[in-house]
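K.L.:
quick one: sequence plus predicted model below, questions after.
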Amino acid sequence: MNIFVIMKRTFETEEKISLKNGVIDQGGVEFIINPYDEYAIEEAIVLRDEHGGEVTVVTVGEEEAEKELRTALAMGADKAVLINSEDVEQLDQFTTATLLATYLKEKEYDIILGGNVTVDGGSGQVGPRVAELLKIPQVTTITKLQVVDGHATIVRDVEGDEETIEVTLPVLVTAQQGLNEPRYPSLPGIMKAKKKPLENLDLDDLDLEDDDVCAKTSTVEIFLRPEKKAGKILQGDIENQVKEVIALLRTEAKVI
């Protein structure tokens, strides 16, 4: 099987977000593979080990994303591809999906996996957009995947319930928590990853112009939520406390 995984480099989940000159400050921040994409990588490796073939992990980002690609190779992926976005003025879901789909449309693939959402943007758009551009079926939020004779039986999470879907390959799926338990890179895996192929591509390599990947959305403003104010402790009997709560909701909170 030819298996591709679309991956994103994101902030470490415990990082504290801060702003500098109106943008998110990345100074000294630790980056990781988007946690939902780890499920996708793990599932790809399991499928490869079961059916044969190879796993290629693809990401859109700047040169620093090679570190996360090497981590994916250390987990067990066979190849990695960095689509360098340094010359792209602004990335949004349309831009990222266009870059990925342009690369993938020239490849032979049986299944493409990605994370359900990213922990930074959380839109869940990139995977479905890629499938739409490639004109292949898509199934999101999957928690179980079985492939037999060119068909996939998929269980997906639907608001706390389950839905079972059968689909013919090729297909794009996005991984939900519970699909598997991602492995940690082993020391031998880390050593092998240094020798595995990691390809770097840019817009010219994909025969794309700037206008082809021009973002469809723009960020107007980035701001942190207001600091939480200290609560108030009301004194006196219950009747007076109720009256005071109502007065505060009307005059301070302005919700009634």
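P.N.:
Okay, I see it.

K.L.:
determine the longest strand present in this protein.
P.N.:
strand 138-148 (DSSP state E).

K.L.:
list the buried residues of that strand.
P.N.:
138, 139, 140, 141, 142, 143, 144, 145, 147 (16 or more other Cβ atoms under 10 Å). Where C-beta positions appear, they are placed from N, C-alpha and C, glycine not excepted.

K.L.:
output that strand as CSV, restricted to C-alpha atoms.
P.N.:
The C-alpha trace of strand 138-148 is given here as CSV (Å, rounded to 0.1, in the frame of the first residue of the first chain):
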residue,chain,number,x,y,z
GLN,A,138,-13.2,11.4,2.9
VAL,A,139,-14.1,10.1,6.3
THR,A,140,-13.4,12.3,9.4
THR,A,141,-13.0,11.6,13.1
ILE,A,142,-12.2,7.9,12.7
THR,A,143,-11.7,5.7,15.7
LYS,A,144,-11.2,2.4,13.9
LEU,A,145,-9.9,1.4,10.4
GLN,A,146,-9.7,-1.9,8.7
VAL,A,147,-8.6,-2.4,5.1
VAL,A,148,-9.4,-5.6,3.1
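
K.L.:
so what's residue 61 up against?
P.N.:
Each residue near residue 61 by Cβ atoms under 8 Å, 6 or more residues apart in numbering is listed here: 8, 9, 82, 83, 84, 85.

K.L.:
got a list of contacts for stretch 168-178?
P.N.:
Contacts for stretch 168-178 (Cβ under 8 Å, 6+ apart): 36-37, 39-40, 43, 109-116, 124, 127-128, 130-131, 134, 136-143, 145, 147, 150-152, 154, 156-157.

K.L.:
mark which of these are buried, thanks.
P.N.:
Counted by 16+ other Cβ under 10 Å, the contacts of stretch 168-178 give 36-37, 39-40, 43, 109-116, 124, 127-128, 130-131, 134, 136, 138-143, 145, 147, 152, 154, 156-157 as buried.

K.L.:
tell me where the protein has strands.
P.N.:
For the chain, the strands defined by DSSP E occupy 2-7, 9-11, 19-20, 23-24, 31-33, 54-61, 79-84, 111-115, 138-148, 151-158, 161-168, 171-175, 198-201.

K.L.:
looking at the protein, which helix is longest?
P.N.:
helix 35-51 (DSSP state H).

K.L.:
which parts of that one are buried?
P.N.:
Those would be 35-48, for helix 35-51 by 16+ other Cβ under 10 Å.

K.L.:
how does the protein divide up, domain by domain?
P.N.:
2-213, 226-256 (automatic domain parsing).

K.L.:
show the average pLDDT along the shortest one.
P.N.:
This points to domain 226-256. In this model, domain 226-256 has a mean pLDDT of 86.
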